[in-house]
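A.B. asks: missing the sequence, but the structure's below:
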Ligand code: SAH
């Protein structure tokens, strides 16, 4: 609801403008007439009125003079989120405006445990229980940018975790599928995504190593836990022209983030950067 200036305040403002104009005129006359008596009298009168102004308004009835209420901020985290996008993400090279807008739009504080809410917009991963973490915002943005999503793309995520990455993807395209191997995490993420209105994300509890064949092929696949090799079922579920973004490497040691693109029969891999992810469990060795 907008705040409307009370009528009395408006009158006072108009008076000040009018008085200012008169004062200016008086000033000009003063020069010409060498401080004539009427000019001096007018100046003193106006100075007196100005000095009284605060007291006048403080005596007016509350309803007429209530000071403008600070408009309640709809989202108290908007500023820290904006700061995160500007300094931790954009300043470090992520330039896709749609990705930046998605990072600006999704309330990360809704995806972290209550005890970590104060760190929601720090550029770091945070525990989400069961030995898992919500990824660092910068890494979420980098991986999302690498997917080169456009409207209509079908995306698969392996490792729903808190649901945050899925929510970012859901801002950029229409169909997001996400698989989580820890049942409790799957349940809480599904509830959270529903509560926040992300109705274009479909989740399931299961082993993401094998993908989700039923809804494939996918234009993009993102894996948010690190296997020690690239799962072939995921490459198999990529559409022609599809992109797979995946960290690969041993647990707790050096892992590499890969961008893998499928062009017909060809699969082109590009290493992007060193990363640290929780391990991808499941798969054939489990
Ligand atoms: N994308 C998440 C972060 C996930 S952390 C977020 O935005 O919050 C990695 C997640 O991958 C963990 O929740 C872990 O339980 C899950 N995970 C590990 N191995 C998996 C597998 N084989 N299939 C599906 N999920 C797996």
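C.D. replies: Done, it's in. These numbers come from a predicted model, not from an experiment.
A.B. asks: now do the phi/psi pair for the residue nearest to the spatial centre of the chain.
C.D. replies: By CA atoms, centre = their mean, the chain has its centre lying nearest to residue 104, at 2.4 Å. Phi and psi for residue 104, reported as degrees, to the nearest 10, are phi -70, psi -30.
A.B. asks: what's the domain layout of the protein?
C.D. replies: Per the record, the chain has its domains at 7-65, 78-275, by automatic domain parsing.
A.B. asks: could you tell me the least trusted of these?
C.D. replies: Looking at the domains of the chain, the lowest mean pLDDT belongs to domain 7-65 (a mean of 39).
A.B. asks: tell me where the chain has strands.
C.D. replies: Using DSSP state E, the strands assigned to the chain run over residues 126-129, 132-134, 154-158, 175-180, 201-205, 218-223, 238-248, 255-263, 266-275.
A.B. asks: which of the ones you listed sits closest to the ligand?
C.D. replies: Among these, strand 132-134 comes nearest to the ligand, with 3.8 Å by CB to the nearest ligand atom. Any C-beta I mention is one placed from the backbone N, CA and C, and that applies to glycine too.
A.B. asks: who does the closest one pair up with?
C.D. replies: The strands beside strand 132-134 in its sheet (DSSP bridges) come out as strand 126-129 (antiparallel).
A.B. asks: any idea how far residue 235 is from the ligand?
C.D. replies: Distance, residue 235 to the ligand, using CB to the nearest ligand atom, to the nearest Å: 16 Å.
A.B. asks: and the stretch 51-200 of the chain, which residues reach the ligand?
C.D. replies: 132-135, 158-159, 161-162, 164-165, 179-182, 185 (CB under 6 Å from any ligand atom).
A.B. asks: of those residues, just say which sits nearest to residue 277.
C.D. replies: Within those, the smallest distance to residue 277 is 7.7 Å, found for residue 135 (CB to CB).
A.B. asks: the closest one - how many residues pack around it?
C.D. replies: 25 (other CB atoms under 10 Å).
A.B. asks: number the residues from 54 up from this point.
C.D. replies: Yes, from this point I'll number from 54; that puts the last item at residue 188.
A.B. asks: right, and it touches residue 218 too?
C.D. replies: Yes. Between residue 188 and residue 218 there is a contact under CB atoms under 8 Å: 6.6 Å.
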